[in-house]
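**Q** how would this look folded up:
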Amino acid sequence: QVQLVESGGGLVQAGDSLRLSCATSGRTFSRYYMGWFRQAPGKEREFVATISPSTGSTYYADSVKGRFTISRDNAKNTVYLRMNSLKPEDTAVYYCVADQILRTAVGSQQYWGQGTQVTVSS
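**A** Next up, the predicted model:
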């Protein structure tokens, strides 16, 4: 069982930056792919970014590529999402996910945090 707690969301203006953090419990953090998804009102949860457990390879949705950076600190059991040049369309609840496989969709046997709200005003 893995527990995840996100933090760092807030209300910002277009063009601003935010860094989200996701702290996890358990001693197996380094074995999981760690990722971020987001869900805007009335829309399905969508993939944002993920990072591999060992090599640190990263994968991004096209909509955030070049603006967002995912990173992880295995010693702190924490994954981060640095978001630059934020746009109003980035407004959503951002969820952290721990996964045993590389996956860019919601699926079974994933562990989720409770989410943190990011609101970008124009």
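
**Q** How about residue 95: which residues does it bridge to?
**A** Beta-bridge partners of residue 95, counted by DSSP bridges, are residue 37.

**Q** separation between it and residue 56?
**A** 21 Å (Cβ to Cβ, to the nearest Å). Any C-beta I mention is one placed from the backbone N, CA and C, and that applies to glycine too.

**Q** Give me the more crowded residue out of those two.
**A** Between residue 95 and residue 56, counted using other Cβ atoms under 10 Å, the more crowded position is residue 95 (23 against 11).

**Q** Relative to residue 37, how far out is that one?
**A** Note on residue 95: its distance to residue 37, by Cβ to Cβ, is 5 Å.

**Q** where does the residue nearest the centre of the chain land on pLDDT?
**A** Per Cα atoms, centre = their mean, the C-alpha nearest to the average position across the chain is that of residue 36, at 2.3 Å. In this model, residue 36 is scored at 98, pLDDT.

**Q** so who does it touch?
**A** 20, 22, 48-50, 70, 79, 81, 94-97 (Cβ atoms under 8 Å, 6 or more residues apart in numbering).

**Q** One more: residue 102?
**A** Neighbours of residue 102 in contact, by Cβ under 8 Å, 6+ apart: 33, 50, 52, 59.

**Q** how close does it get to residue 53?
**A** For residue 102, the distance to residue 53 equals 10 Å [Cβ to Cβ].

**Q** Need the overlap of contacts for the two.
**A** Here residue 102 and residue 53 share the contacting residues residue 33, scored by Cβ under 8 Å, 6+ apart.

**Q** Pretty sure residue 48 sits against residue 93.
**A** No. Assessed by Cβ atoms under 8 Å, residue 48 is found out of contact with residue 93, at 11.5 Å.

**Q** ok, the two, which is more surrounded?
**A** Neighbour count, other Cβ under 10 Å: between residue 48 and residue 93, residue 48 has more, with 25 against 18.

**Q** Then the more buried one would be within a strand, right?
**A** Yes. Counting by DSSP: H, G, I helix; E, B strand; the rest coil, residue 48 is located in a strand.
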